[in-house]
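In: could you look at this predicted model? Sequence included:
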Amino acid sequence: MTDIEDVDVLILGAGINGAGVFRDLCEQGLTCVISDKADFGSGTSAAPSRLIHGGIKYLETGEFRLVAQSTLERNLLLKNAPHCVSRLPTVIPIFSWFKGIPAALRTLFGSTTAPRSRGAVLMKIGLALYDFYGSRHRMMPRHSLWSKARALATIPALTPRIVAAGLYYDAKISHPERLVLELVEDGLRASPSSRALNYTRIGGTDGQAVVLVDEDGNEQRIRPRLVINAAGPWIDRVSEDLGVTSRLIGGTKGSHILLDHPDLIETLGGRMIYFEADDGRICLVFDYLGKALVGSTDIRDDDPDQVTCSDAEIDYLLQSLSGLLPGLCFDRRQIVYTYAGIRPLPASDSTAPGLISRDHSAPVIEPEGERPWPIVSLVGGKWTTFRGFAEEVTDMVLVRLQQTRRISTQSLAIGGGRGFPRENERGKWLDMACSRTGVDQARADTLLSRYGTTALAILEAEGNTPTMLADAPDYSFDELAWITGHEQVAHLDDLVLRRTALAITGRLSGRDLDAMADRMAAQKDWNPERLAVELRATKARLAARHGFSFA
């Protein structure tokens, strides 16, 4: 029998909410273990719209507290993670003057029918409220309302059916999966006795300890004082693994596509267009690392292990774009990548998926029978509010464990955001990095944008004569080797899908993948059979889950 490891908190699930709680608890001096059956941030947290936003659409469902929290957290992330969160000007095309007001009023009083159309008057009220709620730690200019003439002059490809347009500001995140990893690493830095485990499944419990099993079949027994179930759409399944029954999750699927469409990127001009599709659903399109990201759908689904973007969803998104921008052409040949995820929304009988609350809760299953530890489940929530959610959960855990908070995470920089230079100090930082490493300023600037101040360690390892990938020459093999050696990379697809943006931007070529695999095999001492398995598995996943094909 394996020895038992006593810890304060065991967190099951290393998505954004689990990682956020892990960091906060570790900052308070607790000993924690966070474990995920796959890679860090590889589930729902890898499938967002890549927005850090206040949730303007939640105004029409009366979720004002959620909007207030979301806008605050958006502003904090712009300060605490400036290496990967940046401001995003957003245009809302408006198709009528007065529509939507009666439906919006009914929704505020409990109706389950959202407005099919949102007129200029309703949008003006909503944008003013959005500015008001975003005033704490304000990081954004206020909104403005454009005339039809100005909107069409600014974005000529827009449909002439509009009557006006609104301009407001939200934010986007360049590497969400990396931010999850950085939160985990920050937690480990704050609490060296804590541990983070990927590719480790739950092997059951004897009531006292939870058995965790790694990919090689090695078991470890963890005896926690409290368990946090942060498994997202898998929460109810994890509850079963822990010997309890719950019905907490009623997820919906959100799918996205990425297009290689230079004309669309030029048309967007750095803005997002946040628009109504013909069925009244809100969709979006913006420039994500040089490709046009289009999303998203909202369909009932509860199978996170098999979720993919369907042909019908692709047709829906392309048709919605064609209706919005008739001055441009869209077809499937422009798609370089697709992805989908299950939103871990609270179980609901609502017939309208879009009206299921995006708010969060943390219900507790108290100790029972031989099980001495409570189980706290992290239900719902949205990417933007992870820090606030983590703070609420951490405060509850501290009370239960009779501990006190030592530090607030409200102004705590994340990962490569620590020491990130202000815009007027960027040149000084680059000069320092170039002097220390001997690289040219362009290369230092590229890695600073990609990794924040973590770039310095990568530049030092890379040197001034790096070997670059053949078809993605802004990535080097030395850079990828540093990531593999320092960021708990276990599999080839960890590197191409989450530690880098090579796959999602459609820039991963077959020969680069083969070369990356060869170097990774040498670094990790894989035999030829393991190398072949890794290549097959990565290519199969790219094709089946992401519609990815090599040129």
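Out: Nice, I can see it. Numbers count the residues shown, from 1 in each chain.
In: which secondary structure elements does the longest helix along the chain contact?
Out: Longest helix of the chain, by residue count under DSSP state H: helix 528-546. With contacts taken as 3 or more Cβ pairs under 8 Å, 6 or more residues apart in numbering; DSSP states H and E, helix 528-546 sits against strand 335-343, helix 492-494, helix 510-524. Bear in mind the C-beta positions are built from the backbone N, C-alpha and C, glycine included.
In: comparing the ones you listed, which yields the minimum mean pLDDT?
Out: When these are compared by mean pLDDT, strand 335-343 comes last with a mean of 95.
In: what angle separates that strand from helix 528-546?
Out: Per axes from the mean of the first three to the mean of the last three Cα atoms, to 10 degrees, the angle that strand 335-343 makes with helix 528-546 is 80 degrees.
In: what's the offset of strand 335-343 from the middle of its chain?
Out: Counting by Cα atoms, centre = their mean, to the nearest Å, strand 335-343 is centred 12 Å from the centre of its parent chain.
In: tell me which strands the very next helix or strand once past it pairs with, and in which orientation.
Out: Counting by DSSP states H and E, the next helix or strand C-terminal to strand 335-343 is strand 360-361. The pairing partners recorded for strand 360-361 under DSSP bridges are strand 379-380 (antiparallel).
In: other residues contacting the strand it pairs with?
Out: With contacts defined as Cβ atoms under 8 Å, 6 or more residues apart in numbering, strand 379-380 is touched by 235, 248-249, 344-346, 357-363.
In: mind checking the pLDDT average for it?
Out: Averaging pLDDT along strand 379-380 gives 89.
In: so which residues make contact with the helix or strand containing residue 187?
Out: In the assignment (DSSP H and E), residue 187 maps to helix 176-190. For helix 176-190, contacts defined as Cβ under 8 Å, 6+ apart pick out 14-16, 19-20, 22-23, 25-27, 32, 34, 40-42, 45-46, 48, 50, 81, 84, 173, 194-196, 383, 414-416, 451, 487-488, 497-499.
In: that older thread, I'd like to know which of the helices and strands packed on helix 528-546 lies nearest to residue 132.
Out: Closest to residue 132 of these, according to Cβ to Cβ: strand 335-343, at 27.0 Å.
In: quick one, helices of the stretch 51-200 of the chain?
Out: Ranges of helices within the stretch 51-200 of the chain are 64-80, 101-108, 120-133, 148-154, 176-190, based on DSSP state H, counting those that start in this stretch.
In: out of the ones you listed, which one sits most buried?
Out: Highest mean neighbour count among the helices of the stretch 51-200 of the chain (mean count of other Cβ atoms under 10 Å): helix 176-190, with a mean of 24.
In: which residues does residue 477 contact?
Out: Taking Cβ under 8 Å, 6+ apart, we find residue 477 in contact with 466-469, 515-516, 519.
In: for the record, mean pLDDT for the longest helix of the chain?
Out: Mean pLDDT, helix 528-546: 97.
In: what comes up buried for that helix?
Out: Residues of helix 528-546 classed as buried: 531, 534-535, 538-539, 541-542, 545-546 (neighbour count, 16 or more other Cβ atoms under 10 Å).
In: equivalent analysis for stretch 270-285, please.
Out: Neighbour counts over stretch 270-285 (16+ other Cβ under 10 Å) mark 271-277, 281-285 as buried.
In: what's the answer for stretch 299-308, then?
Out: For stretch 299-308, by 16+ other Cβ under 10 Å, it's 299, 301, 304, 307.
In: what about this structure, any weak spots by pLDDT?
Out: Counting by pLDDT under 70, the ranges of the chain that qualify are 1, 60, 98-119, 137-138, 348-358, 551.
In: before we move on, back to that, which one of the buried residues of stretch 299-308 is nearest to residue 225?
Out: Distances from residue 225 to the buried residues of stretch 299-308, taken as Cβ to Cβ, are shortest for residue 304 (28.8 Å).
In: these two touch, right, that closest one and residue 234?
Out: Yes - counting by Cβ atoms under 8 Å, residue 304 touches residue 234, with 6.2 Å between them.
In: how close does the closest residue to residue 490 other than its chain neighbours get to residue 508?
Out: Nearest residue to residue 490, sequence neighbours excluded (Cβ to Cβ, 6 or more residues apart in numbering): residue 199, at 5.4 Å. Residue 199 sits 22 Å away from residue 508, going by Cβ to Cβ, to the nearest Å.
In: now name the helix or strand holding the residue lying closest to residue 421 once chain neighbours are set aside.
Out: Of all residues not flanking residue 421 in the chain, residue 429 sits nearest, at 4.0 Å (Cβ to Cβ, 6+ apart). Take DSSP H and E as the rule and residue 429 turns out to sit in helix 426-437.
In: residues of that helix that come out buried?
Out: By neighbour count with 16+ other Cβ under 10 Å, helix 426-437 contains the buried residues 429-430, 433-434, 437.
In: over to stretch 82-96?
Out: By 16+ other Cβ under 10 Å, the buried positions in stretch 82-96 come out as 82-85, 87-96.
In: about what we covered before: who touches whichever helix or strand comes after the helix holding residue 429?
Out: Per DSSP H and E, the first helix or strand lying C-terminal to helix 426-437 is helix 441-451. Applying Cβ under 8 Å, 6+ apart, the external contacts of helix 441-451 come out as 83, 174-175, 178, 416, 426, 429-431, 433-434, 437, 455, 458-459, 466, 474, 479.
In: repeat that for stretch 304-324.
Out: Contacts with stretch 304-324, where a contact means Cβ under 8 Å, 6+ apart, come from 43-44, 47, 93, 158-159, 232-234, 251, 253, 255-257, 273, 275, 277-278, 283, 285, 294-295, 297, 299, 301, 328, 330-332, 335, 338-342, 544-545, 547.
In: contacts only, for residue 546.
Out: Applying Cβ under 8 Å, 6+ apart to residue 546 gives the contacts 337-339, 503-504.
In: how far away is it from residue 5?
Out: As defined by Cβ to Cβ, residue 546 lies at a distance of 37 Å from residue 5.
In: kindly check the end-to-end length of stretch 54-62 for me.
Out: 14 Å (Cα to Cα, to the nearest Å).
In: my bad, should have said stretch 398-411
Out: Where stretch 398-411 begins and where it ends lie 20 Å apart, using Cα to Cα.
In: run the chain-centre distance for stretch 386-402.
Out: Offset of stretch 386-402 from its chain centre (Cα atoms, centre = their mean): 21 Å.
In: how about stretch 28-46?
Out: Distance of stretch 28-46 from the chain centroid (Cα atoms, centre = their mean) equals 14 Å.
In: what is the neighbour count of the closest residue to residue 278 other than its chain neighbours?
Out: Once flanking residues are discounted, residue 278 sits nearest to residue 323: 6.1 Å by Cβ to Cβ, 6+ apart. As a burial measure, residue 323 scores 15 neighbours (other Cβ atoms under 10 Å).
In: cool, and the one 10 residues further on?
Out: By the other Cβ under 10 Å criterion, the neighbourhood of residue 333 contains 8 residues.
In: does residue 201 count as helix, strand or coil?
Out: When classified by DSSP: H, G, I helix; E, B strand; the rest coil, residue 201 comes out as strand.
In: where's the residue nearest to residue 278 relative to residue 74, distance?
Out: Residue 323 sits 29 Å away from residue 74, going by Cβ to Cβ.
In: same check, this time on residue 194
Out: 28 Å.
In: and for residue 380?
Out: Using Cβ to Cβ, we find residue 380 at a distance of 18 Å from residue 74.
In: check residue 508 too.
Out: 31 Å.
In: residue 415 now?
Out: Relative to residue 74, residue 415 is positioned 18 Å away (Cβ to Cβ).
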